[in-house]
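Enquirer: dropping the sequence and predicted coords here.
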Protein chains: 2
Amino acid sequence: MEEQQPKLYVIGLDLGGTNSVFGIVNQRGEILATSAIKTQQYTKVEDFVDAGVKSLRPIIEQVGGIATIKAMGIGAPNANFYKGTIEFAPNLVWAHDSIVPLAQMFSGQLGIPVGITNDANAAAIGEMQYGVARGMKNFIMLTLGTGVGSGIVVNGQLVYGCDGFAGELGHVTMVRENGRSCGCGRNGCLEAYCSATGVARTAREFLIESTEESILRNLDSEKITSLDVSLAAAKGDPLAKRVYEFTGKMLGDACADFATFISPEAFIFFGGLTKAGDLLMKPIEKEYNNHVMSIFRGKAKFLVSTLDDASAAVLGASAIGWDL
Amino acid sequence: MEEQQPKLYVIGLDLGGTNSVFGIVNQRGEILATSAIKTQQYTKVEDFVDAGVKSLRPIIEQVGGIATIKAMGIGAPNANFYKGTIEFAPNLVWAHDSIVPLAQMFSGQLGIPVGITNDANAAAIGEMQYGVARGMKNFIMLTLGTGVGSGIVVNGQLVYGCDGFAGELGHVTMVRENGRSCGCGRNGCLEAYCSATGVARTAREFLIESTEESILRNLDSEKITSLDVSLAAAKGDPLAKRVYEFTGKMLGDACADFATFISPEAFIFFGGLTKAGDLLMKPIEKEYNNHVMSIFRGKAKFLVSTLDDASAAVLGASAIGWDL
C-alpha cells in the first residue's frame, strides 16, 4: 500500500489586471515560495494557464512536489465560486467577453482541487484562516480600495448566495436622492462615497462648496487622491479631516444597517483607505454606536486587517484551498 | 434491548401577547392536535409553564405519548435562540423585566429538546420545512404586520449572528434625513413605513398633503388602518393606490439592498399587508428589478407565504423542532 504523503501546503493565486502572483503557503500563513507572470501578456486563457503552471512547477518541486499540496485557491475579479469561472471581466483580455472555466483548467493540469472567488471574499477567508478573524463565525470584511468590496461570513461559512455573487455591500444605496453616479451604473452607492476614488471626489466637492483654507488647494484639484487627503488630514488640515469624518460617518451608518442582517462580532477593514488609521476608524465606530439599534450597540469590534499588504491577496486566495 | 419508537411529531408553541397556542405537527406540516392557554393569565413564568404542560399532556397522549415526539419549538417575542431565553419582552408580564429560560423550563418538564426563536425566524423555518421555501438554501422572509420582522436563511441555515439577534431588517434606515420616528427609538426605519401601521400613517400623510378626492376622507383619519387603505385601493381609489405604490417602492428598494448581501433566490412575504396582493407585490417587484444591481436583476422570486394564517405561527415554531 502506497503511503499517503501529508498535504502540508496550498497554492494561492492573486490574479490581478496586471500581475498574477502565485504563492505556496503553509497552515500558519507563511509564504514559502512565489512566482509571477504578467496577466495581460496572454491573449488566450490556455496560454495564460500554461504559463502559470510552468512558473509554478519549480516552486512546487522546491517544497517537495505536488503530493505535498492540498489544493489551490484563486482570487480574481468577476469570479464565480460555484462554477469555478471568471465571467465577463472588463480588465482581463482573455475573459473580457466570455466565461472562462479557470478553476477546472488549472485543476486539470495540476491534478489538485482548485477553487476561485473574488478578491474581497478571498480576503475574508484569509482573515479567518490566518488573520484577525481567526475563530470568528460571523463577521463582515470591507475592502476599501479603488472600489468597495465585501466578504461576509455567517456561521463560519462565506456567503455566496444563490448564484455565487453575494456580498456586494459596496453597492447598497446610501443616498437615495441625487446620489453620486457609481461605476455599477446606478446612483448613491456606498462605493461612490467610501472608496479611495470616492474620498478624492468628496475632497473636490468640499473644496468647491466652501472657501475654507486647505493645503489641498495647492494641488491640481482633478489629480487629488485619497492619499493626498490622508496626508493633509494627518497634518491637521481641517477640510481634509472633514472629508474623513464624512467618509467614516457614512461607513458607520452602513455598518449599522449591516448589523441588522447578521449581527457580526466584527467589521474588518482592508485596503488603501485604512492607511488613514484613526482618522477613518474613529468616525466609523463613533457613528456606528450612535446610530445602530440598541440591541447591537457596543457588540461589534472594528478591526483593521493585520495581514501584510503585499502578501494579503495571495494568502487570501490560498486560504480557499484549505476548505476544498 | 428496548425498541426505539419513531419520532414522528414535533410540538410548536406560538407564544403571543394574548394567547399561547400549542400544536402537534407531523413532517408534512399537518397539525394533528392543538391546545391553548391565556399568556397573560399567569404572573409567574413557572405558573405559565405548568399550565402549558398541563394543556399539552392530553394531546400528547392523543398522538401516542411523549415517546413519539422529537422536540418542541417556540416562536416568541424577544427570544434568544442561543440561550433559549426570552429577554425583557415588553408585552409579557412574566418576562417584562427579566431573562426567562423558557426553553430549559419546558424541556425539564417534558423531557425533550426545546428550541426558541422569534416569530419571524420561526416563520422562515416554517416556510423552509412546510411552505414555499422548501428546497431553498438562500432566502429572506419578511413579515409585514404591526411591525416589519425578518428571518434570513443562508446556506440552508437560519442566520442568528453573534448574539442570536440577527435578522432585524425592519430596522435598516431607509430615510436618512427627516425620517419617521420608529418604535425602536430611531428614525427612518423600514418598519416606520412598510408595516401595517406605517401604511396607515402614509395614508394620513397623503390625505393631509393633497386635496385629492378619496373615499378614505369619509373615515376618521386617526382611525384609518392598512385594511381600510387596502379596501379603498381595491375599489380603485387613486390616493389609496398611491399609498401601496409608495409602500411597495420602498420595499423594492430595501430588497435591492438586501440582494447585495445574500443574493437570495426568493423574498417571501407574510402577514396582514400581503392581503393587498398585487397592489403591494407588483410595485415591490417592479421597483426591485428597476433598482437592483444588474447582476441580480430577474434572479429573485417574490412570493407570498402559502401557509394558512391561523396555523402558520404554530407551524413555524414547530419547524424549529426538526433541527434540534
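Expert: Yep, it's here. Residues are numbered from 1 along each chain as shown, chains lettered A, B, ... in the order given.

Enquirer: the closest residue to chain B within the stretch 1-150 of chain A: how many residues sit nearby?
Expert: Proximity to chain B, evaluated over the stretch 1-150 of chain A using Cβ to the nearest Cβ, is greatest for A:N138 at 4.8 Å. Heads up, the C-betas are built off the backbone N, CA and C, glycines and all. Applying other Cβ atoms under 10 Å in any protein chain shown, we find 22 residues neighbouring A:N138.

Enquirer: how far out from the middle of the chain is stretch A:302-309?
Expert: In terms of Cα atoms, centre = their mean, to the nearest Å, the centre of stretch A:302-309 is found 11 Å from the chain centre.

Enquirer: so which bits of that stretch are buried?
Expert: A:302-303, A:305, A:307 (16 or more other Cβ atoms under 10 Å in any protein chain shown).

Enquirer: near chain B too, which of those?
Expert: Near chain B, judged by Cβ under 8 Å from any Cβ of the partner chain, there are no entries from those.

Enquirer: quick one: contacts for A:G75?
Expert: A:12-15, A:116-119, A:121-123, A:313, A:316-317, A:320 (Cβ atoms under 8 Å, 6 or more residues apart in numbering or on different chains).

Enquirer: hmm, try it at 6 Å
Expert: Contact partners of A:G75, counting by Cβ atoms under 6 Å, 6 or more residues apart in numbering or on different chains, are A:14, A:119, A:122, A:313, A:316-317.

Enquirer: which of those lies closest to A:A200?
Expert: Nearest to A:A200 out of the contacts of A:G75 is A:D119 (Cβ to Cβ; 21.0 Å).

Enquirer: which one is the residue of the stretch 101-250 of chain A found nearest chain B nearest to, not counting chain neighbours?
Expert: When distances are taken as Cβ to the nearest Cβ, the stretch 101-250 of chain A reaches nearest to chain B at A:G161, 2.7 Å away. Among residues not flanking A:G161 along the chain, B:S263 sits closest, at 2.7 Å (Cβ to Cβ, 6 or more residues apart in numbering or on different chains).

Enquirer: next: A:A120.
Expert: Excluding its sequence neighbours, the residue lying closest to A:A120 (Cβ to Cβ, 6+ apart) is A:G149, at 3.1 Å.

Enquirer: what about the one you found, how many residues close to it?
Expert: 26.

Enquirer: tell me which element the spatially most central residue of chain A falls in.
Expert: In chain A, the C-alpha nearest the mean C-alpha coordinate belongs to A:A120, at 3.1 Å (Cα atoms, centre = their mean). If you go by DSSP states H and E, A:A120 is part of helix A:119-130.

Enquirer: what mean pLDDT does that helix have?
Expert: For helix A:119-130, mean pLDDT rounds to 93.

Enquirer: check which helices and strands that helix sits against.
Expert: When contacts are defined as 3 or more Cβ pairs under 6 Å, 6 or more residues apart in numbering or on different chains; DSSP states H and E, helix A:119-130 packs onto strand A:139-144, strand A:148-154, helix A:309-322.

Enquirer: list the residues that contact A:N78.
Expert: Neighbour list for A:N78: A:86-87, A:89 [criterion: Cβ under 6 Å, 6+ apart].

Enquirer: from memory A:C189 sits against A:L169, does it?
Expert: No. A:C189 is not in contact with A:L169 according to Cβ atoms under 6 Å; the separation is 9.7 Å.

Enquirer: that older thread, nearest to A:Q104, of the helices and strands packed on helix A:119-130?
Expert: helix A:309-322 (14.8 Å).

Enquirer: buried ones in the longest helix anywhere in chain A, by neighbour count?
Expert: Taking DSSP state H as the criterion, chain A has its longest helix at helix A:238-262. Using 16+ other Cβ under 10 Å as the burial criterion, the residues of helix A:238-262 that qualify are A:239-262.

Enquirer: which SS class is A:M72?
Expert: Three-state call for A:M72 (DSSP: H, G, I helix; E, B strand; the rest coil): strand.

Enquirer: so it bridges to which residues?
Expert: Under DSSP bridges, the beta-bridge partners of A:M72 are A:I11, A:V114.

Enquirer: okay, the angle between the longest helix of chain A and helix B:238-262?
Expert: Comparing the axes of helix A:238-262 and helix B:238-262 via axes from the mean of the first three to the mean of the last three Cα atoms, to 10 degrees yields an angle of 90 degrees.

Enquirer: does chain B sit close to helix A:238-262?
Expert: Yes. If you take Cβ under 6 Å from any Cβ of the partner chain as the test, helix A:238-262 does meet chain B, through A:257, A:260-262.

Enquirer: and that helix, what does it pack onto?
Expert: For helix A:238-262, the elements it packs on are helix A:190-194, helix A:196-209, helix A:226-234, helix A:278-291, judged by 3+ Cβ pairs under 6 Å, 6+ apart.

Enquirer: look up how far A:A103 lies from A:G111.
Expert: Per Cβ to Cβ, to the nearest Å, A:G111 is found 13 Å from A:A103.

Enquirer: these two - which one has more neighbours?
Expert: More crowded of A:G111 and A:A103, by other Cβ under 10 Å: A:A103, with 26 against 9.
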